[in-house]
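Visitor: Got a sequence here, can you build the structure:
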Amino acid sequence: MQKSLKKYAPFFTLPTLIAFIIAFLAPFVMGIYLSFTKFTTVLDAKWVGLDNYAKAFQDSGDFIHSLWYTACFALVSVVSVNLIAFILALLLTQKIKGTNLFRTVFFMPNLIGGIVLGYIWQLIINGILANFNETVNADSRFGFWGLVVLMNWQMIGYMMVIYIAGIQNVPDELIDAAAVDGASHSQILRHVTIPMVMPSITVCLFLTLTNSFRLFDQNLALTAGEPGKESQLLALNIYTTFYNTTGYEGVGQAKAVIFFIIVAAIAFSQLKLTRRKEVER
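Guide: Prediction:
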């Protein structure tokens, strides 16, 4: 059986490998190369070295502002989404009526597209701010908290489902043993439930972190970076640099490479840190 699998394995893996090279690896390598060139199309690229990277940090400070704006947004979103999702998961794993209905209702916003969500929340927020003669585009703080609310509304249900799966896999014997030993509910939560749910926490932190950093369509629909690019997240800043600024395609590509390095470094650091806290079942 093993010999047969080894014999025919290339026939099954080769198509996937070819698709991976064509759809991901080749464009990724080409993108890194283009970040060191000035180009309008792939065929007319001219090597300029590190000029694009220098311009990415020098030009009007938009990139640096978007970087800090995105970092603050990611921090607030990751904490709020995971905290609320975990609390809901704890509540919905109790023996109460209607838990399946609540799970479905909380998960449904995740099924709605980002552009649609952005416009829906733009109408809602502008309707509230109209009472104060303001709009979501009037101040970057409105856009920031609008994006945080939108992110929470969309992601909480998804993270909640992952946490519920983790909590339901905690052995009842451990909880019963802790209760017999006189542990309180808070002590059981801290010393039994959370350590046993760490794999779910690792996954949820990774998903919310990466989604927060690469958020694009919701940002475009909700604020489009207004006022004056002050509410631009990194993904939208890269998009506007590449497509809306003539001759800056290389700079936009350099920003994309920097963006990838930052997100990859943060994501892998988070995975390494949280996996250390996971316990064997």
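Visitor: Against which helices or strands is the host helix or strand of T70 packed?
Guide: Secondary structure assignment for T70, by DSSP states H and E: helix 62-92. The helices and strands touching helix 62-92, judged by 3 or more CB pairs under 8 Å, 6 or more residues apart in numbering; DSSP states H and E, are helix 51-58, helix 99-107, helix 140-168, helix 198-213, helix 234-244. Yep, even glycine has a C-beta here, placed from its N, CA and C like the rest.
Visitor: Quick test: name the residue nearest the centre of the chain.
Guide: What sits nearest the mean C-alpha location of the chain, by CA atoms, centre = their mean, is N211, with 1.1 Å.
Visitor: Indicate which one of the helices and strands packed on helix 62-92 is closest to L34.
Guide: Ranking the helices and strands packed on helix 62-92 by their distance to L34 (criterion: CB to CB) puts helix 51-58 first, at 9.0 Å.
Visitor: List the contacts of that closest one.
Guide: By CB atoms under 8 Å, 6 or more residues apart in numbering, the residues outside helix 51-58 that reach it are 35-38, 63-64, 241, 248, 250-251, 253-255, 258.
Visitor: so of those residues, which ones are in strands?
Guide: 37-38 (DSSP state E).
Visitor: how much space is there between T135 and R276?
Guide: Note on T135: its distance to R276, by CB to CB, to the nearest Å, is 46 Å.
Visitor: of these two, who's got more company?
Guide: Neighbours per residue (other CB atoms under 10 Å) separate T135 from R276, with T135 holding more: 17 against 9.
Visitor: My reading is that the more buried one lies in a strand. Confirm?
Guide: No. Under DSSP: H, G, I helix; E, B strand; the rest coil, T135 sits outside any strand and is assigned coil.
Visitor: Could you shift the numbering so residue one becomes 197, and keep it that way?
Guide: Done: numbering now begins at 197, and the last item shifts to T331.
Visitor: so what pLDDT did it get?
Guide: On pLDDT, T331 comes in at 89.
Visitor: care to break this protein down by domain?
Guide: Structural domains assigned to the chain are 198-230, 256-472, following automatic domain parsing.
Visitor: Buried ones in stretch 449-466, by neighbour count?
Guide: Neighbour counts over stretch 449-466 (16 or more other CB atoms under 10 Å) mark 449-455, 459, 463, 466 as buried.
Visitor: With adjacent residues omitted, what lies nearest to G362?
Guide: S396 (3.1 Å; CB to CB, 6 or more residues apart in numbering).
Visitor: just for the stretch 347-477 of the chain, where's the confidence low?
Guide: Scanning the stretch 347-477 of the chain with the threshold set as pLDDT under 70 gives 473-477.
Visitor: swap the cut-off to 90 and go again
Guide: Residues of the stretch 347-477 of the chain that meet the criterion pLDDT under 90 lie in 350, 353-354, 360-398, 410, 413-414, 419-427, 435-448, 458-459, 462-477.
Visitor: And the residue nearest to G362, how far from Q318?
Guide: Remark: distance between S396 and Q318 (CB to CB) = 33 Å.
Visitor: picking up where we left off before, now for the buried residues of stretch 449-466: which two are most distant?
Guide: Q449 and Q466 (26.1 Å).
Visitor: what mean pLDDT would you report for stretch 219-229?
Guide: On average, stretch 219-229 scores 88.
Visitor: now what about that stretch, what contacts it?
Guide: Residues from elsewhere that reach stretch 219-229, judged by CB under 8 Å, 6+ apart: 238, 241, 449, 452-453.
Visitor: cool, and stretch 281-295?
Guide: Stretch 281-295 is contacted from outside by 298-299, 302, 351-356, 358-360, 362-364, 385, 397, 400, using CB under 8 Å, 6+ apart.
Visitor: and those, which are buried?
Guide: 298-299, 302, 351-356, 358-360, 362-363, 385, 397, 400.
Visitor: Provide the backbone phi and psi angles at G294.
Guide: phi 80, psi 10 (degrees, to the nearest 10).
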